[in-house]
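**Student:** Have a look at this prediction, sequence included:
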Amino acid sequence: MESKPVYKILIFLKRKAGTTPEQLRDYYESRHARLCEKYAKGALRYVRRYVTLVPLPGAATAEEKDFDVITEIWTDSKARFEATVNAARQGIWPPEVIEDEERVFDRSKSRFATVVECDSDLSTL
């Protein structure tokens, strides 16, 4: 049986210079996430994934990574997904969210991507 698609918005965020990963996580979890939750009405999930690079020979170091956290907003509503993506494309974001982001994020390095996720039911194999 095929699952219903889940539409995801991924936001890649880089902390401001002078902010430690621990400070970023503490601020995001205690303040920024709470602020953004009120705009996530109808979402299935609102997830923050804090990234720690595993050093590999010749690869980027933790200080050189392009982002510190991947924020995911999940919905099963294609209309809600498209409306959010269109608002982001036009730079329409709640002013209080932008103001709060400027406290801990380097917004010039923020990146926005979308994913349509379809799962296979492997339980019948």
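**Tutor:** Thanks, I have the structure now.

**Student:** Helices along the protein, start to end?
**Tutor:** 21-27, 33-37, 78-89, 95-104 (DSSP state H).

**Student:** Contacts only, for the residue nearest in space to the middle of the chain.
**Tutor:** Centroid-nearest residue in the chain: T71, 1.6 Å away (criterion: CA atoms, centre = their mean). Taking CB atoms under 8 Å, 6 or more residues apart in numbering, we find T71 in contact with L10, I11, F12, L13, Y46, V47, R48, R49. C-beta coordinates here come from the backbone N, C-alpha and C atoms, glycine included.

**Student:** Nearest approach to L122 belongs to which of the helices of the chain?
**Tutor:** helix 78-89 (24.9 Å; CB to CB).

**Student:** Find the residue ranges of this protein scoring beneath the pLDDT cut-off.
**Tutor:** Confidence mapping of the chain against pLDDT under 70 gives the ranges 1-2, 60-63.

**Student:** That one: strands as residue ranges?
**Tutor:** Applying DSSP state E to the chain gives strands spanning 6-13, 45-50, 69-75, 111-117.

**Student:** would CSV of those with distance to T124 be doable?
**Tutor:** As requested, the strands of the chain are arranged in CSV below (distance: least, CB to CB, whole Å):
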stretch, distance to T124
strand 6-13, 20
strand 45-50, 25
strand 69-75, 25
strand 111-117, 20
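
**Student:** for those strands, which one sits closest to V104?
**Tutor:** strand 6-13 (8.6 Å).

**Student:** quick check: angle from the closest one to strand 111-117?
**Tutor:** Angle of strand 6-13 versus strand 111-117, following axes from the mean of the first three to the mean of the last three CA atoms, to 10 degrees, is 160 degrees.

**Student:** Could you report the separation of Y27 from A59?
**Tutor:** Here the criterion is CB to CB, to the nearest Å. By it, Y27 lies 28 Å from A59.

**Student:** the more surrounded of the two?
**Tutor:** Y27 (17 against 10; other CB atoms under 10 Å).

**Student:** Tell me who's in contact with the more buried one.
**Tutor:** T19, R103, V104.

**Student:** switch to 7 Å and redo it
**Tutor:** Neighbouring residues of Y27 by CB atoms under 7 Å, 6 or more residues apart in numbering: V104.
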